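>>> I'll drop the sequence and a predicted model, then ask my questions.
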Amino acid sequence: MINKDQILADLATKQFGKNVLSFDTIDSTNTYAKKLNKAEAPHGTIIIAEQQTDGRGRMHRKWVSPKDKNLLFSVILYPEMDIEKISLLPFAGSLAVADAIESVTELSPTCKWPNDVLINNKKVCGMLLETSSGNYGIERIILGIGLNVNQVEFPDDLITKATSLTVECGLEVDRIRLLQKILEELENRYEQLSRFSAGQLLNDWRMKALLFGKKITVLENEFSFTATAIDVADDGSLIIETEEGRKRNIFAGDVSLAYR
Ligand code: BT5
């Protein structure tokens, strides 16, 4: 089981990952994180598990992952930034994961709006951000990350759309080193977002995004339509052009999206 000492050895962060709660089996690292107060789980705390019995995706979807193979963790954040920047945290997250993969392996991942990481057009990582509000707006964010690392077999319904690092590079990947790198990249991106204008982060994300100019299928309220992805706006929404030539912005909480 991945433990705290392994993670802390050589971890080059200030806060991220310095407090670790690690489990063999848990329902969901995000669900567990929600039950903790700030004293138990300060900013940068991570909850990590080898297996989840109720791993969650967005919009009540499931995240499935075999035991001992992948990375399943949540980072607890008490963000001191305004709401506009908070809504860009998925970009910080996916960029951090993509950069970490690139530096630990020879692979070249891409980012899919809003918060997936793909390799060869298959999903290798997904993120679930959950917020809780206090008297002064958003108080806490739980950033849940599921990354397929050393998984070789996939259930039938995922075979065509999911992959792992080991499938793509043919080697077993050191999960500890990768986790440390993700935490380091994530802390750097988090600081970049809180200190500087969001443009820098979005520009870096654009460089890793394959989407622009591509035809996509947008599923909105059970209604699907075809459009072309144009760009990501400063608020993190996706600018699309419909087949009728109308430009509009779509928001991550409202839609699902597939490449065509
Ligand atoms: C996500 O949702 O991609 C968010 C996944 C977040 C998982 C982490 S694990 C640690 C933390 N604790 C949790 O309980 N969750 C977080 P979404 O975009 O809705 O994608 C979900 C869809 O991805 C599913 O409906 C499947 O089609 C697909 N999927 C499920 N498991 C997968 C896997 N291991 N690899 C690739 N795709 C998967």
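Looks like it came in fine. Numbering: from 1, shown residues only.
>>> Quick one: name the residues of the stretch 51-200 of the chain near the ligand.
Residues of the stretch 51-200 of the chain lying near the ligand by C-beta under 6 Å from any ligand atom: 52, 55-59, 61-65, 72-74, 123, 126-128, 144-146, 148, 158, 162. All C-beta spots, glycine's among them, are computed from the backbone N, C-alpha and C.
>>> Are any of these buried, and if so which?
Among these, those buried by neighbour count (16 or more other C-beta atoms under 10 Å) are 52, 55-56, 58, 63, 65, 72-74, 123, 126-128, 144-146, 148, 162.
>>> re the thing from before, in helices only, show me the residues of the stretch 51-200 of the chain next to the ligand.
Among these, DSSP state H puts none in helices.
>>> Point me to the residue of the stretch 1-150 of the chain nearest the ligand.
Residue nearest to the ligand within the stretch 1-150 of the chain (C-beta to the nearest ligand atom): G126, separated by 1.9 Å.
>>> buried stuff in stretch 187-200?
Buried residues in stretch 187-200 (16+ other C-beta under 10 Å): 187-190, 192-193, 198.
>>> State the pair within these that is farthest apart.
Comparing all pairs in the buried residues of stretch 187-200 by C-beta to C-beta, the longest separation belongs to E187 and A198, at 17.2 Å.
>>> Spatially, and excluding backbone neighbours, which residue is closest to G137.
I83 (6.3 Å; C-beta to C-beta, 6 or more residues apart in numbering).
>>> Count the neighbours of the one you found for me.
Other residues near I83 number 11, with proximity taken as other C-beta atoms under 10 Å.
>>> and if you look at E222?
Using other C-beta under 10 Å, E222 has 5 neighbouring residues.
>>> and what of G134?
Neighbours of G134 (other C-beta under 10 Å): 9.
>>> before we move on, what about D68?
By other C-beta under 10 Å, neighbour count at D68 equals 13.
>>> Give me the pLDDT for it.
D68 is assigned 98 on the pLDDT scale.
>>> That one: what secondary structure?
Look at D68: counting by DSSP: H, G, I helix; E, B strand; the rest coil, its state is coil.
>>> ok, for it, nearest residue in space, not its chain neighbours?
E50 (5.1 Å).
>>> what helices or strands is whichever strand or helix holds the one you found leaning on?
If you go by DSSP states H and E, E50 is part of strand 46-52. Counting contacts by 3 or more C-beta pairs under 8 Å, 6 or more residues apart in numbering; DSSP states H and E, strand 46-52 packs against strand 20-26, helix 29-34, strand 71-77.
>>> need the contact list for V167.
151-152 (C-beta atoms under 8 Å, 6 or more residues apart in numbering).
>>> Now it: which helix or strand?
Residue-wise, V167 maps onto helix 165-169 under DSSP H and E.
>>> Now the helix or strand just after that helix: average pLDDT?
Moving toward the C-terminus from helix 165-169, the next helix or strand (DSSP H and E) is helix 175-195. The average pLDDT within helix 175-195 is 97.
>>> Whatever helix or strand comes next after helix 175-195 to helix 175-195, inter-axis angle?
Remark: after helix 175-195, the chain's next helix or strand is helix 198-208, criterion DSSP H and E. Using axes from the mean of the first three to the mean of the last three C-alpha atoms, to 10 degrees, the inter-axis angle of helix 198-208 relative to helix 175-195 is 140 degrees.
>>> So which of the buried ones among the residues of the stretch 51-200 of the chain next to the ligand sit within strands?
In this view, these that belong to strands under DSSP state E are 52, 72-74, 123, 126-128, 144-146.
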